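> Dropping the sequence and predicted coords here.
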Amino acid sequence: MNARRILVIDTSGTSALVALGETDGTLLTERRWTAGYRHGEELLARIDEMLTTAVVPMVELGGIIVGTGPGAFTGLRVGLATAKALARGLAIPVAGVPTSEALLRAASVAGGFEGKQAVLMLPAGPSDRVVVIAGEAVLLRGGEEPELEVGATLVAVDLAERAPAAALALGATAEAGLAASLLSLGIGPLAAGGEDVARLVPEYVSLPRGVTAQKGEVKWSHDHR
């Protein structure tokens with residue numbers, strides 16, 4: 001990886017982001033927007049607008065960092081496919097970073113739970129949720145609540161009215177710092193040469209009805225019924 005700019009992509013949630021950073025981990029600029037299910041329609045346009053505004057031609061990118069989830073099927077597929085296609089086309093390295101790890105790191109950096117166990121909670125469809133504890137994901141069906149250790153800190157993302165207010169506030173803090181956190185976590189793997197794009201796989205919280213995970217893709221939730 002050379003000293004050119006680094007592109008950051010995350011499409012794991014309803015709020016998507018693209019960002020531009022330096023190889024030393026400095027975040028230069030970012031774009032966030034509510035994507036809903038329109039990731040495929042908007043992602044490349046958002047990248048192009050950001051690079052144009054920053055006066056950074058795409059051919060001058062030196063690497064790509066992409067969030068791998070957990071997240072919903074549509075967004076993650078679009079984000080990973082775009083990152084892989086750009087990396088191949090530009091002949092630059094790409095590195096995947098678990099979005100869950102980056103969110104918890106962002107909340108920690110902001111002082112949300114230093115020295116405490118951190119638990120991330122995300123949606124898994126309209127009624128279910130998942131919690132990620134020490135990198136392990138557990139599905140909570142319906143109204144089930146997580147079993148947390150005493151003193152643990154809950155960080156909730158994309159769960160308006162489905163999580164405690166304090167957890168949602170920490171989730172908002174985590175989302176605000178997500179781009180910088182992804183960049184920080186991905187710089188090392190990029191400097192080491194990045195990853196084989198064939199091994200770069202998304203981690204789905206759920207899949208659309210009738211869709212199964214392809215070989216290598218991680219799916220630890222359940223299909224919608």
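Yes, it's here. Note that the coordinates shown come from a computational prediction; the quantities given were computed from them, not determined experimentally.
> three-state assignment of the residue of the chain positioned farthest from its centre?
Residue farthest from the centre of the chain, counting by Cα atoms, centre = their mean, is residue 150 at 27.6 Å. Following DSSP: H, G, I helix; E, B strand; the rest coil, residue 150 is assigned to coil.
> May I have the phi/psi pair for residue 67?
Main-chain dihedrals, residue 67, degrees, to the nearest 10: phi -70, psi 130.
> Show me the beta-bridge partners of it.
Beta-bridge partners recorded for residue 67 (DSSP bridges): residue 97.
> Residue 124 now?
residue 128.
> neighbours around it, how many?
24 (other Cβ atoms under 10 Å). To be clear about C-beta, it is placed using only N, CA and C from the backbone, and glycine gets the same treatment.
> Regarding this structure, what is its longest helix?
helix 73-90 (DSSP state H).
> can you tell me how far the residue nearest to residue 102 when sequence neighbours are not counted sits from residue 81?
Nearest residue to residue 102 in three dimensions, chain neighbours excluded: residue 181, at 4.1 Å (Cβ to Cβ, 6 or more residues apart in numbering). When distance is defined by Cβ to Cβ, to the nearest Å, residue 181 is 23 Å away from residue 81.
> Check residue 122 too.
To residue 81, residue 122 is 21 Å away according to Cβ to Cβ.
> and what of residue 24?
29 Å.
> what about these two, which has more around it?
More crowded of residue 24 and residue 81, by other Cβ under 10 Å: residue 81, with 15 against 9.
> Domains of the chain: list them as residue ranges, please.
Following automatic domain parsing, one finds the domains of the chain at 5-99+178-223, 101-174.
> Show the average pLDDT along the last one.
What that stands for is domain 101-174. Over the span of domain 101-174, the pLDDT mean works out to 88.
> What of stretch 184-204?
Stretch 184-204 comes out at a mean pLDDT of 92.
> Endpoint to endpoint, it covers what distance?
Stretch 184-204 has an end-to-end distance of 23 Å (Cα to Cα, to the nearest Å).
> For it, list every residue counted as buried.
Going by neighbour count (16 or more other Cβ atoms under 10 Å), the buried part of stretch 184-204 is 184-187, 189-190, 194-195, 197, 200-204.
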